[in-house]
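Asks: Pasting the sequence and the predicted coordinates here, then a few questions.
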Amino acid sequence: QVQLVESGGGLVQAGGSLRLSCAASGRTFSSYAVGWFRQAPGKERECVTAISSSGGNTYYADSVKGRFTISTDNAKNTVYLQMNSLKPEDTAIYYCAAVLASYSKHVYIRTTSYAYWGQGTQVTVSS
């Protein structure tokens, strides 16, 4: 089992940047595929980006391509979401999620694929 804790959210002006962190405890993150999701008020939770446990494959939603980057630091057991050129429509609660998938190149983008979730961190982008 793994526990996930997000941090790094906050209030930023449009065009600014934030870096979210997802720290894992309990098991090594390298055995897990990880995704970042977001949920805005009145909307469904959507996958923003995801990475395979092998780290070789990634997915980005069209709305964030070229602006967001997912990365991992296995030594720190942490996954990051670097968000640049933020827009007001990026405002949402951001969640990281993980699913056990050792040595896999598969990327998971559905919420139902993930077994573990963090508590979420609020990102607000002002215009």
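Replies: Now that the structure is in, tell me what you want to look at.
Asks: Leu18: what's its closest spatial neighbour, skipping adjacent residues?
Replies: Taking CB to CB, 6 or more residues apart in numbering, and ignoring the residues beside it in sequence, Leu18 has Met83 as its nearest neighbour in space, at 5.0 Å. No exception for glycine: its C-beta is placed from N, CA and C like everyone else's.
Asks: thought that neighbour was touching Leu20?
Replies: Yes - if you go by CB atoms under 8 Å, Met83 and Leu20 touch, sitting 7.0 Å apart.
Asks: Who does the spatially most central residue of the chain form a beta bridge with?
Replies: Geometric centre of the chain, nearest residue: Trp36, 2.2 Å, by CA atoms, centre = their mean. Taking DSSP bridges as the rule, Trp36 bridges to Thr49, Cys96.
Asks: Can you name the residues bridging to the residue nearest to Leu18?
Replies: Bridge pairing for Met83 - DSSP bridges - gives Leu18, Phe68.
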